[in-house]
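**Student:** turn this into a model:
(one chain, ligands or ions: 1)
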Amino acid sequence: MHPFHFTSTACSFARQAIAVIGITLLAQTALAQAVVVQNAWARATVPGQTATGVFMSLSSPAGARLVWASAPVAGVAEVHEMRLEGDVMKMAALKDGLELPAGKTVELKPGSYHLMLMDLKAPVKKDSDIALTLVFVDGKGVQSKTELKVPVRTMAPMDPLQTR
Ligand SMILES: [Cu+2]
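**Tutor:** Below is the predicted model:
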């Protein structure tokens, strides 16, 4: 047995662990303002359809606003909400963008908020990907841009983390 040797190995492991933690904290600080996009998907179109919806979960640690979207496949992309007016569900563009309260996850999903892609230049085909650009503004008015590849599906993916 070489107890001293063992101790010195353990010590060098500990130093490595501290170095790794230090790097992780730096990375998190640098990304603290970034909006996290999860579970994004676009709905496949049927022949003749010229508009479709894109859905995702957005969360901003410090609070932000989704103010603009664009996709090469679409002439126009808008942030929409669905709401009940009388007995009729209507959708409308959010002219001030979509508020992302700090630390809360905002769901863009069928029947609720969504990105609307209009004037489609090509069919949005199942099992393909579409490129999408999102622009956010934080509480200080600083803009950030996120480029995404969004998978195309015919229906919402099952989310094992979602209980209902
Ligand atoms: Cu819409």
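
**Student:** what's near enough to touch residue 99?
**Tutor:** If you count contacts by CB atoms under 8 Å, 6 or more residues apart in numbering, residue 99 has them with 65, 106. Any C-beta I mention is one placed from the backbone N, CA and C, and that applies to glycine too.

**Student:** and if you look at residue 55?
**Tutor:** Listed by CB under 8 Å, 6+ apart, the contact partners of residue 55 are 39, 40, 41, 42, 43, 107, 108, 109, 110, 114, 115, 156.

**Student:** one more time with 6 Å, if that's ok
**Tutor:** Residue 55 makes contact with 41, 108, 109, 114, according to CB atoms under 6 Å, 6 or more residues apart in numbering.

**Student:** of the residues you listed, which is the nearest to residue 57?
**Tutor:** The closest of the contacts of residue 55 to residue 57 turns out to be residue 108 (CB to CB; 7.4 Å).

**Student:** that closest one: neighbour count?
**Tutor:** 23 (other CB atoms under 10 Å).

**Student:** got the contact list for it?
**Tutor:** 55, 56, 114.

**Student:** end to end, how far does stretch 48-63 reach?
**Tutor:** Taking CA to CA, to the nearest Å as the measure, stretch 48-63 stretches 39 Å from start to finish.

**Student:** hmm, back to that, hmm, which of the contacts of residue 55 are the buried ones?
**Tutor:** Buried by 16 or more other CB atoms under 10 Å: 41, 108, 109, 114, out of the contacts of residue 55.

**Student:** look up which helix or strand the residue nearest the centre of the chain falls in, please.
**Tutor:** With distances taken as CA atoms, centre = their mean, residue 37 lies nearest the centre of the chain, 1.9 Å away. Using DSSP states H and E, residue 37 maps to strand 36-43.

**Student:** picking that back up, return the subset of the buried ones among the contacts of residue 55 lying in strands.
**Tutor:** The strands, defined by DSSP state E, take in 41, 108, 114 from those.

**Student:** list just the nearest of the residues you listed to the ion.
**Tutor:** The ion has its nearest neighbour among those in residue 114, at 5.6 Å by CB to the ion.

**Student:** burial of the closest residue to that closest one other than its chain neighbours, as a residue count?
**Tutor:** Spatial nearest neighbour of residue 114, excluding adjacent residues (CB to CB, 6 or more residues apart in numbering): residue 53 at 4.3 Å. Residues lying near residue 53 (other CB under 10 Å) number 20.

**Student:** point out the residues in this structure that sit beside the ion.
**Tutor:** 80, 91, 116 (CB under 5 Å from the ion).

**Student:** ok, now which ones touch the nearest residue to residue 139 once chain neighbours are set aside?
**Tutor:** The spatially closest residue to residue 139, leaving aside those adjacent along the chain, is residue 63, at 5.3 Å (CB to CB, 6+ apart). Residue 63 sits next to 101, 102, 139 when contact means CB under 6 Å, 6+ apart.
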